[in-house]
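*Asks:* Any chance you can model this:
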Amino acid sequence: MADVWNCYHLDLVEVESQILSNIGSDVPLIKEIATFVFQGRGKRIRPLLLLLSARLFGRQGHEVYALASFIEYIHTATLLHDDVVDDADFRRGKEAVHRLWGDHSSILVGDYLYATAVRAIVDFRIHELNAVIADSVQRMTEGEIMQNSINGHRGMLSQAEYIQMVECKTGALIAAACQMGAILADADVSGQEALFQFGLSVGTAYQIVDDTLDYVGQGERLGKTLGNDMRQGKVTLPLLHLLHHVDETRRADIQALLEQLRLGQGDIGNIVALMNEYGSVQHSMMIARQYIDKAKSILGSFGESPAKQALYVAANYMLDRDH
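*Replies:* Numbering: from 1, shown residues only. Alright, predicted model coming up:
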């Protein structure tokens with residue numbers, strides 16, 4: 001993946017410039033918070049996938065960079081909102097915005113980024129872009145609401161229901177980024193749909209791996225406390241797999257631990273040990289691998305090109321990353 005980052009470094013520098021220059025507000029607090037967040041320099045996976053999707057059909061340049069920056073605005077807005085809902089302490093290795101400026105400011109700046117992105121995308125005057133981003137934002141909101149509504153019913157959630165939630169919560173925006181790159185490059189409908197399905201598969205795998213890293217990753221590299229999803233009562237695939245495979249006594253014990261207001265590191269360690277015993281982490285990674293295999297098979301319909309190879313490498317990265 002390092003080769004892909006290096007190959008498209010100059011493109012991503014242009015995207016970064018667009019991210020910082022398009023904030024477009026004279027309100028000091030908006031600029032202060034937005035600059036703080038964007039200087040955190042996330043992985044920029046969504047902008048990269050949009051760039052590569054456009055490049056797959058021969059399109060590059062200023063409009064692609066601008067559109068990629070607006071996709072990152074929408075992603076960042078969701079992070080600002082999520083951190084308030086989750087009462088998170090850290091984001092990308094730095095103190096969360098709502099810890100520094102308060103919940104209201106965090107939510108409102110998130111709203112501003114949403115509005116700025118949507119308005120700017122409308123200015124492209126391409127109806128298909130508007131439809132894709134509107135559908136994506138709606139599905140992302142549905143995914144978050146699904147997660148909040150089912151957190152108290154972990155044992156009752158099926159794997160299929162979890163996948164549906166993940167496709168909405170994370171897959172939708174990554175799918176939109178890929179499809180919008182294809183739309184901007186004037187790809188035909190079948191090409192646009194192929195890139196949407198590629199992005200949906202990659203995005204679903206990305207979230208499954210992210211959920212799994214919460215139990216096996218390196219906290220410092222992740223930029224968050226390990227086991228944090230469990231502390232927040234979040235539904236994740238490794239936990240679901242465990243709850244569906246232990247006996248009733250152990251399930252009741254785990255449920256009792258999860259209902260505690262404060263879950264100790266020892267408690268988390270015991271649950272992770274059970275996950276290893278029952279193969280819950282391995283199962284989750286297997287499901288993620290199936291989605292990546294599907295994504296790579298979709299690329300098979302395109303001719304060989306550097307952009308196709310980069311997309312292939314990016315798909316593999318979703319499985320291999322450690323943060």
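
*Asks:* residues touching the closest residue to residue 171 other than its chain neighbours, list them.
*Replies:* Spatial nearest neighbour of residue 171, excluding adjacent residues (CB to CB, 6 or more residues apart in numbering): residue 203 at 3.5 Å. All C-beta atoms are positioned from the backbone trio N, CA, C, and that covers glycine. Taking CB atoms under 8 Å, 6 or more residues apart in numbering, we find residue 203 in contact with 167, 170-175.

*Asks:* Let's have the residues you listed in a markdown table, adding secondary structure and neighbour count.
*Replies:* Listed next are those as a markdown table, based on DSSP: H, G, I helix; E, B strand; the rest coil; neighbours: other CB atoms under 10 Å:
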| residue | secondary structure | neighbour count |
| --- | --- | --- |
| 167 | helix | 20 |
| 170 | helix | 24 |
| 171 | helix | 28 |
| 172 | helix | 26 |
| 173 | helix | 23 |
| 174 | helix | 29 |
| 175 | helix | 26 |
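
*Asks:* for those residues, which one is nearest residue 158?
*Replies:* residue 167 (14.1 Å; CB to CB).

*Asks:* Compute the distance between that closest one and residue 108, please.
*Replies:* Distance of residue 167 to residue 108, computed by CB to CB, to the nearest Å: 28 Å.

*Asks:* What of residue 289?
*Replies:* Distance, residue 289 to residue 108, using CB to CB: 40 Å.

*Asks:* the strands in this protein, which residues?
*Replies:* 90-91, 94-95 (DSSP state E).

*Asks:* Compare those strands and give me the one nearest residue 250.
*Replies:* strand 90-91 (31.5 Å).

*Asks:* Parallel or antiparallel, list what pairs with the closest one.
*Replies:* strand 94-95 (antiparallel) (DSSP bridges).

*Asks:* Residue 299 contacts residue 311, doesn't it?
*Replies:* Yes: here residue 299 reaches residue 311: they are 5.9 Å apart, a contact under CB atoms under 8 Å.

*Asks:* number of nearby residues for the nearest residue to residue 1 once chain neighbours are set aside?
*Replies:* Taking CB to CB, 6+ apart, and ignoring the residues beside it in sequence, residue 1 has residue 317 as its nearest neighbour in space, at 4.2 Å. Neighbour count of residue 317, defined by other CB atoms under 10 Å: 20.

*Asks:* Kindly report the same for residue 251.
*Replies:* 16.
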